[in-house]
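Novice: Mind folding the following:
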Amino acid sequence: MAKAVVVRATGGPEALEFTDVEAKSPGAGELLVDVAAAGVNFIDCYHREGRYPLPLPLPFGIGLEGTGRVSAVGPDVSGFAVGDRVAWAQALGSYAEQAVVPAAGAVPVPDGVDDDTAGALLLQGLTAHYLVTSTYPVQRGDVVLVHAAAGGVGLLLVQLAKARGARVIGTVSTPEKEALARGAGADEVIRYDEVADFAPVVRELTGGVGVAAVYDGVGRTTFDGSLASLRPRGVLALFGGAGGAVPPFDPQRLNEAGSVFLTRPSLGAHVATREELEWRAGELFAAVADGSLRVRVGGRYPLAEARRAHEDLEGRRTTGKLLLVP
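Specialist: Just a heads-up that it's a prediction; the model follows:
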């Protein structure tokens, strides 16, 4: 028997059950991994609630991201061996002592990258990478707006956008988070707790022009202001809904905002091939290794305390990335 976190009925953080599960074995194309650290992400909360992207069959093991050491290799797997350190971002059931991971979605962890960093980087790092390289490819001199700039994705977005030559405006909710966003390189920071509407501040900071892109993982509470912050033909990348789902709206608003673009990208569509996954992960690990990308672990929780991790994440009491440690 091994320990894992299971959802038997969808709901709030109380739906997370730390329990014994049957020992696992890898099937064709799979790896069995002894988990060293599992990443906690907002998509896990959506899965727990049964609202995103579709309800999962009950019961299910929760968590998509982690890192650890391969303990068994299934049939038809090449390129991995027992003892290898790997990380992954899309293997359901990662809140566990052992996880079965598709080999096609696992990447080797380079020497010199510790377990906490590897466990904290991949899902949010790949998200930040595709946002600044593919969804709206940031160019030198662009001005971009990053919401929740002290969160896990936000801190990485700020750094990656700055590395591509952007001027970055971040939004945060507390003095501590402002300091973190500025430390990551944000040029200006707008505090939700100090202004009722961030869009006029963005306009003022950009001389009335607006920003080239808004990277918005918050959703409902920021959507209107995000549209109002864009320059003509700017891009609103709505990549999450931490503040709730955006209600249906009239597409004519995109015209009125200046022929702007709205997209709802997903990680899966941006690592659809092995080559793309390796490219994105390779650039992230290289940036960590050379010191140009810093990964902040904002909290480490025992696996048994997954409920508390979700409560803290949804209560906006965290910065950076949260990890569960078996």
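Novice: tell me the SS of Arg182?
Specialist: helix (DSSP: H, G, I helix; E, B strand; the rest coil).
Novice: does it really touch Val189, like I thought?
Specialist: Yes: the criterion here is C-beta atoms under 8 Å, and Arg182 meets it with Val189 at 5.9 Å. Heads up, the C-betas are built off the backbone N, CA and C, glycines and all.
Novice: quick one: which of these two has more around it?
Specialist: Neighbours around Arg182 and Val189, counted as other C-beta atoms under 10 Å, are more numerous at Val189. The numbers are 21 against 17.
Novice: name the element that one belongs to?
Specialist: Val189 is located in strand 188-191, with elements delineated by DSSP states H and E.
Novice: so what secondary structure elements neighbour that strand?
Specialist: Packed against strand 188-191 by the contact rule (3 or more C-beta pairs under 8 Å, 6 or more residues apart in numbering; DSSP states H and E) you find strand 167-172, helix 175-184, helix 198-205.
Novice: mind checking which helix or strand of the chain has the lowest mean pLDDT?
Specialist: helix 42-49 (a mean of 94; mean pLDDT, DSSP states H and E).
Novice: any idea how far the nearest residue to Ala128 once chain neighbours are set aside is from Asn255?
Specialist: Ranked by C-beta to C-beta, 6 or more residues apart in numbering and with sequence neighbours excluded, the top spatial neighbour of Ala128 is Leu156, at 3.9 Å. Relative to Asn255, Leu156 is positioned 32 Å away (C-beta to C-beta, to the nearest Å).
Novice: higher neighbour count, these two?
Specialist: The residue with more neighbours, out of Leu156 and Asn255, is Leu156; 30 against 10, by other C-beta under 10 Å.
Novice: For the helix or strand containing the more buried one, buried residues please.
Specialist: Using DSSP H and E, the secondary-structure element containing Leu156 is helix 152-163. Neighbour counts over helix 152-163 (16 or more other C-beta atoms under 10 Å) mark Gly152, Val153, Gly154, Leu155, Leu156, Leu157, Val158, Gln159, Leu160, Ala161, Lys162 as buried.
Novice: backbone phi and psi for Val100, please?
Specialist: Comment: the main-chain dihedrals of Val100 come out as phi -90, psi 120, following degrees, to the nearest 10.
Novice: That one contacts Leu32, correct?
Specialist: Yes: taking contact to mean C-beta under 8 Å, the distance of 5.9 Å between Val100 and Leu32 places them in contact.
Novice: most packed of the helices and strands packed on strand 188-191?
Specialist: Between those, the one whose residues have the most neighbours on average, counting mean count of other C-beta atoms under 10 Å, is strand 167-172 (a mean of 26).
Novice: neighbouring contacts of that one?
Specialist: 141-150, 154, 158, 161-162, 178, 180-181, 185-192, 198, 202, 205, 211, 222 (C-beta atoms under 8 Å, 6 or more residues apart in numbering).
Novice: That strand pairs with which strands, parallel or anti?
Specialist: Each strand paired with strand 167-172, and its direction, by DSSP bridges: strand 143-146 (parallel), strand 188-191 (parallel).
Novice: nearest to Gly39, of those strands?
Specialist: Using C-beta to C-beta as the criterion, the shortest distance between Gly39 and the strands paired with strand 167-172 is 19.8 Å, found for strand 143-146.
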